[in-house]
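In: got a predicted model here, sequence first, then my questions.
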Amino acid sequence: MIANVTLLVPGYEAGIEFFCGKLGFELVEDTPLGGGKRWVRVRPAGAAGTCLLLAAADGERQRAAIGEQGGGRVLGFLETADFDRDHARFVAAGVRFLEEPRREPYGVVAVFEDAFGNHWDLIGPA
């Protein structure tokens, strides 16, 4: 099992605000590590398993990678059992969608951008 996937963010609070505040993720852990570093894990509310480990960028190389971790492609896939509900909730929270929802053989999907520039798919399976 993959326990965590690191996502570079400009700061811990900015990451928590977007993922927990706008997407409704739960804050699983926020542990100080000393020297201003923290172990911050979030995941979709009610989900089990893999978490996003929000890592505050440290140094120019990491700062330059914020929003580019997918290299211009979709970085993450957020699956929902109720696409219409979650799409409407995200829009109301100010999440920026890059396209209108579309039907594909695997379900309904729309690409959105996180607060840092990474692209994500919101997917409702067929």
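Out: Looks like it arrived, so ask away.

In: so in this structure, which strand runs the longest?
Out: strand 25-34 (DSSP state E).

In: which parts of that strand are buried?
Out: Phe25 (16 or more other CB atoms under 10 Å). Backbone N, C-alpha and C define where each C-beta goes, glycine included.

In: what's it in contact with?
Out: Strand 25-34 has contacts (CB atoms under 8 Å, 6 or more residues apart in numbering) with 12, 16, 19-20, 38-46, 51-52.

In: check which element follows it along the chain.
Out: Heading C-terminal from strand 25-34, the first helix or strand you meet, by DSSP states H and E, is strand 37-44.

In: mind giving me the packing neighbours of that following strand?
Out: If you count contacts as 3 or more CB pairs under 8 Å, 6 or more residues apart in numbering; DSSP states H and E, strand 37-44 packs onto helix 12-16, strand 25-34, strand 51-56.

In: still on that earlier bit, by neighbours, which of the contacts of strand 25-34 wins?
Out: Among the contacts of strand 25-34, the one with the most neighbours (other CB atoms under 10 Å) is Val40, at 25 neighbours.

In: may I see the helices and strands packed on strand 37-44 arranged in TSV, with distance to Phe77 as well?
Out: Below are those laid out as TSV (distance: least, CB to CB, whole Å):
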stretch	distance to Phe77
helix 12-16	19
strand 25-34	15
strand 51-56	13
